[in-house]
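>>> here's a sequence, model it:
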Amino acid sequence: MTMVDPEEERQRLTKFYAQMSKGELRHIFEDAESLTDLAGKALRLEMERRGMDTYPSKKGTDVAEFRELIVIRQMDLSRALLAKASLESAGIECYLADDNMARMEWSNLVGGVRLSVKPQDAKDALRILGLSEQKASKFRE
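This next block holds a predicted model:
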């Protein structure tokens, strides 16, 4: 079996995706879990270069791995769910981390549920939740 040079493969994939239409890229992206890590990264880079959204539209793919997020608060599960609902009703995408651990009553091990948003939404999210930036800054990662 021949070994593939990762740099050559990255270049090949970059050229390959650059020749595709946005619709073709979106179609491949919707089944991105079947791609190699290298192919997935090259695909996301091409989509971002074109200004396309890399938010998965189906199959419950974990969005956090595709987004740069900032943790604005760490709290217990019930408060995290309420905060998430408030932010989503205001049109702010947000994500919970460690919520499954909290559901299994292991939240003390992970320090609670982390509420994350995109960096550009952080100020609005803090305002909606009634938090000051200073108070929330210790939760940023």
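
>>> hey, let's count contacts and neighbours off CA atoms from now on
Noted.

>>> okay, now the unreliable bits of the protein?
1-2, 55-67, 100-111, 132-141 (pLDDT under 70).

>>> which residues of it fall in strands?
Secondary structure of the chain (DSSP state E): strands located at 70-75, 94-97, 113-117.

>>> give me the domain ranges for the protein.
Following automatic domain parsing, one finds the domains of the chain at 6-56, 67-137.

>>> buried deepest among these, which one?
Ranked by mean neighbour count, the domains of the chain are led by domain 67-137 with a mean of 17 (mean count of other Cα atoms under 10 Å).

>>> so how far is that domain from its chain's centroid?
13 Å (Cα atoms, centre = their mean, to the nearest Å).

>>> next: stretch 38-54.
14 Å.

>>> quick one: residues in contact with that stretch.
Residues outside stretch 38-54 that contact it (Cα atoms under 8 Å, 6 or more residues apart in numbering): 6, 10, 13-14, 17-18, 22, 25, 29, 32, 66.

>>> again, only this time at 7 Å
The list of residues contacting stretch 38-54 from outside it, by Cα atoms under 7 Å, 6 or more residues apart in numbering, reads 10, 13-14, 17-18, 32, 66.

>>> farthest-apart pair in the residues you listed, please.
Spatial extent of the contacts of stretch 38-54 (Cα to Cα) is set by the pair Ala18 and Phe66 at 19.5 Å.

>>> quick revisit: now, the contacts of stretch 38-54 that are in helices?
10, 13-14, 17-18 (DSSP state H).

>>> closest one to Asp98 out of those, please.
Arg10 (33.0 Å).

>>> what sits against Cys94?
Here Cys94 is in contact with 84, 88, 115-117 (Cα under 7 Å, 6+ apart).

>>> pairing partners for it in the sheet, please.
Counting by DSSP bridges, Cys94 is bridged to Val117.

>>> export the contacts of stretch 38-54 to JSON lines and tack on distance to Arg127?
Formatted as JSON lines, those follow (distance: Cα to Cα, whole Å):
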{"residue": "Arg10", "distance to Arg127": "42"}
{"residue": "Leu13", "distance to Arg127": "42"}
{"residue": "Thr14", "distance to Arg127": "40"}
{"residue": "Tyr17", "distance to Arg127": "40"}
{"residue": "Ala18", "distance to Arg127": "40"}
{"residue": "Ala32", "distance to Arg127": "35"}
{"residue": "Phe66", "distance to Arg127": "25"}
